[in-house]
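1. when you get a sec, could you give me coordinates for this:
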Amino acid sequence: LKVMAAVAIYIIGAWLIRKLKKVIGKIFEKKNTDAAIASFIQSIISIALTVVLVIITVGALGIDTTSIAALLAGGGMAIGLALNGTVQNFAGGIMILVFRPFKSGDYIQAQGFEGIVTEVNIVSTKLTTTDNRTIIIPNGALSNGTINNYSGRTMRRVDLTVDVEYGTDSDQAKALLMKIIKEDSRILDAPAVPFVALSALRDSSIQFTVRVWVKSEDYWSVYYDTLEKIYKQLPQHGIQFPFPQLDINIKQ
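-> Modelled structure (predicted):
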């Protein structure tokens with residue numbers, strides 16, 4: 001009778017665990033939860049309930065389960081200590097998948113590396129750099145560090161500084177820089193209109209700051225194109241770029 005009861009308990013328990021796993025899966029699907037985190041949570045719940053079911057089944061046979069529970073607890077602690085770093089990466093992966101500071105396809109900078117996110121799993125995140133290297137960053141370190149997500153917004157601001165020699169007409173320089181900007185159709189008038197101003201008087205030059213807003217995907221093309229236009233067009237209008245200068249007074 002005890003064996004039959006234990007078998008019945010195990011069969012019914014296993015059936016209930018499968019049903020619960022399906023219900024949880026449907027809940028995650030309805031809430032559009034990330035597939036990786038949904039699978040991970042379902043696996044953890046299934047394993048934990050299966051362990052409890054085995055202990056209950058063994059108890060139904062009349063075997064003392066106190067020693068088994070103590071053994072499992074001790075084993076779990078030993079495994080936890082041995083896999084301390086891995087557990088930290090699991091926790092970091094859950095944080096990333098829940099709060100989603102970035103997603104696949106985003107261009108991010110983190111832990112001294114930058115590149116396009118190609119894969120986010122429960123333990124690590126893979127980046128592909130601009131020179132086609134694959135960087136694997138543990139999620140534990142990633143979730144505890146600073147993440148710069150360049151793709152997090154649809155628009156970005158391009159900031160440029162332009163140094164010209166002393167004696168340059170500041171109004172002419174600003175007008176020419178604004179003309180270069182206005183000719184580029186990729187530059188936007190919102191959330192702020194293009195901005196040009198004399199921003200600093202340096203040792204060997206006067207410095208202008210140029211700020212424009214563009215779509216995120218246009219950032220680098222606008223950045224490099226604008227630099228090239230500035231380099232070509234300013235000298236054509238008599239505006240030269242400075243070299244470091246030093247005045248020396250000789251006393252006899």
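2. every contact and neighbour count from this point should use C-alpha atoms.
-> Will do.
3. where do the helices sit along the stretch 51-200 of the chain?
-> Counting by DSSP state H, counting those that start in this stretch, the stretch 51-200 of the chain has these helices, from start to end: 66-82, 84-99, 139-144, 170-182.
4. the first one - what's its average pLDDT?
-> What it means is helix 66-82. Helix 66-82 shows a mean pLDDT of 63.
5. same question for stretch 90-102.
-> Averaged across stretch 90-102, the pLDDT comes to 79.
6. same check on stretch 194-206?
-> Throughout stretch 194-206, pLDDT has a mean value of 92.
7. same question for stretch 28-41.
-> In this model, stretch 28-41 has a mean pLDDT of 70.
8. start and end of that stretch, how far apart?
-> End-to-end distance for stretch 28-41: 10 Å, by C-alpha to C-alpha, to the nearest Å.
9. from Lys174, how far out is the most centrally placed residue in the chain?
-> Nearest to the mean C-alpha position of the chain, by C-alpha atoms, centre = their mean, lies Phe102 at 4.2 Å. Going from Phe102 to Lys174 by C-alpha to C-alpha gives 38 Å.
10. over to Ser46?
-> As judged by C-alpha to C-alpha, Ser46 and Lys174 stand 67 Å apart.
11. could you list the low-pLDDT ranges of the protein?
-> Scanning the chain for pLDDT under 70 picks out 33-40, 64-86.
12. got the phi and psi for Ile206?
-> phi -110, psi 140 (degrees, to the nearest 10).
13. surely Asp218 meets Arg186?
-> Yes: here Asp218 reaches Arg186: they are 7.3 Å apart, a contact under C-alpha atoms under 8 Å.
14. tell me which residues of stretch 144-159 come out buried.
-> Buried residues in stretch 144-159, defined by neighbour count with 16 or more other C-alpha atoms under 10 Å: 147, 149-151, 155-158.
15. quick one: end-to-end distance for that stretch.
-> Distance across stretch 144-159, first residue to last, is 29 Å (C-alpha to C-alpha).
16. neighbouring contacts of that stretch?
-> With C-alpha atoms under 8 Å, 6 or more residues apart in numbering as the test, stretch 144-159 has contacts from 92, 101-102, 106-111, 209-216, 219, 222-223.
17. and stretch 240-249, by the same measure?
-> Contacts of stretch 240-249 (C-alpha under 8 Å, 6+ apart): 163-166, 203-205, 234-235.
18. chain center to stretch 16-26, what's the gap?
-> Stretch 16-26 sits 32 Å away from the centroid of its parent chain (C-alpha atoms, centre = their mean, to the nearest Å).
19. quick one: buried residues of it?
-> 17, 21, 24-25.
20. ok, now stretch 128-147?
-> Neighbour-count burial for stretch 128-147, counted by 16+ other C-alpha under 10 Å, picks out 128-129, 135, 137-143, 147.
21. could you dump the residues you listed to a markdown table with distance to Gly115?
-> Output for the buried residues of stretch 128-147, formatted as a markdown table (distance: C-alpha to C-alpha, whole Å):
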| residue | distance to Gly115 |
| --- | --- |
| Thr128 | 5 |
| Thr129 | 4 |
| Ile135 | 8 |
| Ile137 | 12 |
| Pro138 | 15 |
| Asn139 | 16 |
| Gly140 | 19 |
| Ala141 | 17 |
| Leu142 | 14 |
| Ser143 | 17 |
| Ile147 | 12 |
